[in-house]
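*Asks:* Build me a structure from this.
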Amino acid sequence: MKRAIIFGITGQDGSYLAELLLKKGYTVHGVIRRSSTFNTSRLDHIYQEPFQKDRNFILHYGDVTDSLSVSRIVKNVQPHEIYNLAAQSHVAVSFEIPEYTANADAIGPLRILEAIKFHGLKTKFYQACTSEMYGSSPSPQNENTPMHPASPYGVAKLYAYWITKNYRDAYGIFACNGILFNHESPRRGETFVTKKIVSALTKIRNTEPKILYLGNLNAKRDWGHAKDYVEAMWLMLQQDKPDDFVIATGKQYSIKDFVNMTADELDMDITWKVGEDGEERGYYKNKAVVQCSQKYIRPLDVNTLMGDATKAKQILKWKPKHDIKSLIKDMINNA
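*Replies:* Residues are numbered from 1 along each chain as shown. Here you go, the predicted structure:
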């Protein structure tokens with residue numbers, strides 16, 4: 001039976017990946033941070049009590065910002081595979097806490113790679129990277145597109161990307177980078193824009209008075225479903241040779257498009273008007289319900305991201321099962 005460690009198991013991707021690996025017969029070890037409030041709600045349906053016999057789902061306290069805990073867990077578990085999904089993953093927040101973002105997102109992966117090397121393990125390693133590394137590079141972006149990150153988050157992930165490649169080349173570690181474009185699900189965190197849109201419009205439709213404040217309505221992104229993307233993570237570590245792969249749908253939509261498609265799924269008719277102040281607003285039943293706010297405008301923004309996953313389709317035989325409409329429907333119906 002294969003053993004896998006998932007750093008970042010309490011997040012959206014970690015919970016879906018844990019489900020996938022359990023279905024494939026793995027023993028899954030998840031690393032969680034100590035918290036005074038429960039932070040494992042996405043795992044409640046697969047959680048197993050410590051006193052349960054023959055457990056195949058085990059949680060450990062640790063943190064990628066703590067090299068001792070990382071080394072201890074890696075040594076004790078002796079995993080066949082490690083998936084590093086742990087990160088401070090909010091782009092806008094990374095401008096507020098750039099040092100912590102660098103510590104978790106850049107040096108965190110280094111700590112795991114060092115543990116693999118130090119303990120002399122043959123563990124396969126997956127590093128979660130991001131389309132935010134491309135920044136201003138023109139779309140569509142693939143594995144050979146130059147990277148110009150436009151946020152502390154993107155910069156930190158670019159270090160993680162290169163240190164993963166470096167340890168692969170220097171020490172022969174089976175290490176892969178997954179350059180994942182935006183991927184969402186009903187388990188997406190409440191502060192992420194897609195979840196904000198779905199949650200707010202659902203409340204507005206149910207007559208709860210609310211205004212949805214957003215940033216750049218014209219920013220375009222390539223959105224997929226997290227369930228599809230965790231399958232790609234697993235496929236990368238099943239190959240004969242380690243490599244890096246873009247995972248994306250190849251289609252892009254603006255934030256405004258996402259609002260309109262969510263409204264359509266909710267049978268809401270949203271009309272857009274530009275006010276005297278030059279700001280565009282969305283109206284529902286003659287009331288302004290969507291509005292731009294300078295609070296959500298980033299110091300440096302990325303206007304367009306769209307991935308070219310040709311390599312993943314050819315080598316991994318991967319392709320997305322969900323389109324954006326089925327994604328939105330799932331987010332509404334399973335919120």
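*Asks:* Would you map the strands across the stretch 51-200 of the chain?
*Replies:* With DSSP state E, counting those that start in this stretch, the ranges of strands along the stretch 51-200 of the chain come out as 57-61, 81-84, 124-130, 175-180, 183-184.
*Asks:* To Asp257, which of these lies closest?
*Replies:* When these are compared by C-beta to C-beta, strand 183-184 sits nearest Asp257, at 13.9 Å. To be clear about C-beta, it is placed using only N, CA and C from the backbone, and glycine gets the same treatment.
*Asks:* packing partners for that closest one?
*Replies:* Contact here means 3 or more C-beta pairs under 8 Å, 6 or more residues apart in numbering; DSSP states H and E; on that basis strand 183-184 packs against strand 224-225, helix 226-236.
*Asks:* Let me have the ones you listed in JSON lines, adding mean pLDDT and distance to Tyr16 as columns.
*Replies:* Output for these, formatted as JSON lines (pLDDT from 0 to 100; distance: least, C-beta to C-beta, whole Å):
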{"stretch": "strand 224-225", "mean pLDDT": "98", "distance to Tyr16": "9"}
{"stretch": "helix 226-236", "mean pLDDT": "98", "distance to Tyr16": "5"}
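*Asks:* ok, and which of these has the densest surroundings?
*Replies:* For these, the largest average neighbour count (mean count of other C-beta atoms under 10 Å) is found in strand 224-225, namely a mean of 24.
*Asks:* Given that one, what are its sheet partners and their directions?
*Replies:* Sheet pairing of strand 224-225 (DSSP bridges) gives strand 183-184 (parallel).
*Asks:* Dump the helices and strands packed on strand 183-184 to TSV, plus distance to Tyr253.
*Replies:* Below are the helices and strands packed on strand 183-184 laid out as TSV (distance: least, C-beta to C-beta, whole Å):
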stretch	distance to Tyr253
strand 224-225	11
helix 226-236	17
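*Asks:* among these, which is nearest Ile9?
*Replies:* helix 226-236 (11.5 Å).
*Asks:* List the contacts of the closest one.
*Replies:* Residues outside helix 226-236 that contact it (C-beta atoms under 8 Å, 6 or more residues apart in numbering): 12-13, 16-17, 20-21, 24, 83, 126, 128, 176, 178, 180, 183-185, 187-188, 242-243, 245, 247, 312, 316-318, 320-322.
*Asks:* Filter these down to the buried ones and express that as a PyMOL selection.
*Replies:* Selection command for PyMOL covering only the buried members of the contacts of helix 226-236, criterion 16 or more other C-beta atoms under 10 Å:
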select buried, resi 12+13+16+17+20+21+83+126+128+176+178+180+183+184+185+187+188+242+243+245+247+312+316+318+320+322
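*Asks:* returning to that earlier point: among the helices and strands packed on strand 183-184, which is nearest Leu121?
*Replies:* Using C-beta to C-beta, these put helix 226-236 closest to Leu121, at 18.0 Å.
*Asks:* Now find how far off-centre that closest one is within its chain.
*Replies:* 11 Å (C-alpha atoms, centre = their mean, to the nearest Å).
*Asks:* What separation is there between Asp320 and Val193?
*Replies:* Just so we're on the same page, residue 320 is Pro rather than Asp. 20 Å (C-beta to C-beta, to the nearest Å).
*Asks:* circling back: and the helices and strands packed on strand 183-184: which comes nearest His60?
*Replies:* For the helices and strands packed on strand 183-184, proximity to His60 was assessed by C-beta to C-beta; helix 226-236 is nearest, at 20.0 Å.
*Asks:* what's the next secondary structure element after that closest one?
*Replies:* Beyond helix 226-236 on the C-terminal side, the first helix or strand identified by DSSP states H and E is strand 245-247.
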